[in-house]
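output the structure for:
(one chain, ligands or ions: 1)
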Amino acid sequence: MKHFRFIGLLCLALLFPLLAVGAEPLIHIRFSHVSDNDTPKGQGALMFKRLVEERLAGAVKVDVFPNSSLFGDRDELQALRDGKVEMLATSLAKFGKYTTRLKLFDLPFLFKDHAALERFQKRPAGQQLLLSMQDHDIMGLAYWFNGMKLLSAVKPLREPADAAGLRFRIQPSDVIDSQFKALGADTVRMPISEVAEALAKGDVSAVENPWSNLHTQGLYRHLPYITVSDHGPVSYMLITNAKFWRKVPFSVRIKLDEIITEVTYEVNRQADALNESSKAHIVASGRSQVISLTDAQKQHWREAMRPVWKQFESEIGADLIAEAERANN
Ligand code: LMR
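Now for the predicted structure:
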């Protein structure tokens, strides 16, 4: 009898730390991102937190750090690789250091709209790209959409020649740099968190962002003209550290995958509505004049930016570009 009592006490002693009230969850996911909560990505991160803590209560804890409050554009990817953060949703324009294939998404006027982009991303070629940075411990989990980019500036942009001499803030993308250089414009690579101040100081005179970022980052207050060019997407890859992800128990990872699928559907379903809401806010403010392009004007922008495709074809792959173009039909 004494023998059984001893084993019982031993098991309790071993289990107690886990059973103690308020025991730390087994897994802690720090989700850092550079956008506001009131954006598709911000809403997605909060929904992910809510669902994980409902369905994996006690096993997984999620903390969300929006608006570059933990890591920003300058350091978030290295922080993920160093294990200082477990989840990001980084713009596809920001992975140039780790793969050339994702430059595909920066090619101007490649995807005609959100639906075409999603069709491509759901096909095998798009899904394969989620795995293109595993050698750098970056594991792609999903694509989250924000919106189509608009050209916004201190002067009206109707024809490509109007962009000459402007200084565009851009994401760290060689493709985007070349697209504006093709117009005779200058560029400066800058974290999104610094753009509003740079516009206010006159350090930059133009940007390319979707409505939700123009609104929630306050950029529209410094941009009297917004041209509805829809010349490319701001789309994100939801990523985690591959080493961290492989250590998550399979039963938990299955649940996390289910939640990611559900959140991804909601983010992509809500994105257009969130951008429309931001557009309405900006229009109502009267701070910016919204310029629509005629079909002929839009074609002029396409033709002016098109040389960029050839310039990066060898890095991206002609096959991948052709596959992406087919998703427009
Ligand atoms: C940008 O840097 O303009 C965007 O990628 C920011 C974001 O994450 O929406």
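
in contact with the residue in the stretch 1-150 of the chain that the ligand sits nearest to, which residues?
For the stretch 1-150 of the chain and the ligand, the shortest gap (Cβ to the nearest ligand atom) falls at Ser91, measuring 3.2 Å. No exception for glycine: its C-beta is placed from N, CA and C like everyone else's. Residues near Ser91 by Cβ atoms under 8 Å, 6 or more residues apart in numbering: 171, 234-236.

for it, phi and psi?
phi -60, psi 140 (degrees, to the nearest 10).

please apply the same query to Leu110.
Reported as degrees, to the nearest 10, the phi and psi values for Leu110 are phi -70, psi -50.

make 30 the first number, not 1, from now on.
Yes, from this point I'll number from 30; that puts the last item at Leu139.

count the residues that sit near it.
Residues near Leu139, counting by other Cβ atoms under 10 Å, number 22.

pLDDT score for the residue of the stretch 30-179 of the chain closest to the ligand?
At Ser120, the pLDDT value in this model is 98.

swap in Leu55?
Reading off the model, Leu55 has pLDDT 84.

might one say that it is in contact with Ala88?
Yes: between Leu55 and Ala88 there is a contact at 5.3 Å, judged by Cβ atoms under 8 Å.

give me the common contacts of these two.
When Cβ under 8 Å, 6+ apart defines a contact, the residues bordering Leu55 and Ala88 alike are Val281.

picking up where we left off before, what is the nearest of the contacts of Ser120 to the ligand?
Minimum distance to the ligand across the contacts of Ser120 is 4.6 Å, recorded for Gln200 (Cβ to the nearest ligand atom).

surely the closest one touches Ala122?
Yes: when contacts are counted by Cβ under 8 Å, Gln200 is listed as touching Ala122 (4.0 Å).

for whatever residue of the stretch 130-279 of the chain ends up closest to the ligand, which residues are in contact?
Ranking the residues of the stretch 130-279 of the chain by distance to the ligand (Cβ to the nearest ligand atom) places Ile221 first, at 3.8 Å. For Ile221, the contacting residues are 63-64, 97, 102, 200, 242, 246, by Cβ under 8 Å, 6+ apart.

for the ligand, what are the nearby residues on the stretch 180-329 of the chain?
By Cβ under 6 Å from any ligand atom, the residues of the stretch 180-329 of the chain that approach the ligand are 200, 221, 238, 242, 263.

after the strand ranked longest in the chain, which helix or strand is next?
Determined from DSSP state E, the single longest strand within the chain is strand 167-177. If you walk from strand 167-177 toward the C-terminus, the next helix or strand you reach (DSSP states H and E) is strand 179-182.

chain center to that next one: distance?
From the chain centre to the centre of strand 179-182 is a distance of 19 Å (Cα atoms, centre = their mean, to the nearest Å).

neighbouring contacts of that strand?
186, 192, 195, 234-240, 243, 248-249, 252, 254-260, 317.

also stretch 239-254?
64-65, 67-69, 71, 175-179, 181-186, 221, 224-225, 228-229, 235-236, 238, 255, 263, 300, 303-305, 307-308, 310-311, 314, 316-318, 320.

out of those residues, which are inside helices?
In helices, judged by DSSP state H, the following of these are found: 69, 71, 224-225, 228-229, 300, 303-305, 307-308, 310-311, 314.

make a ChimeraX selection of the buried ones in those residues.
With 16 or more other Cβ atoms under 10 Å as the burial test, the buried ones among the ones in helices among the contacts of stretch 239-254 are selected in ChimeraX as follows:
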select :69,71,224,225,228,300,303,304,307,308,310,311
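
farthest-apart pair in the ones in helices among the contacts of stretch 239-254, please.
Ala229 and Ala300 (27.7 Å; Cβ to Cβ).

show me the contacts for Gly112.
With contact taken as Cβ under 8 Å, 6+ apart, Gly112 is in contact with 270, 272-273.

change it to 6 Å
Gly112 makes contact with Asn270, according to Cβ atoms under 6 Å, 6 or more residues apart in numbering.
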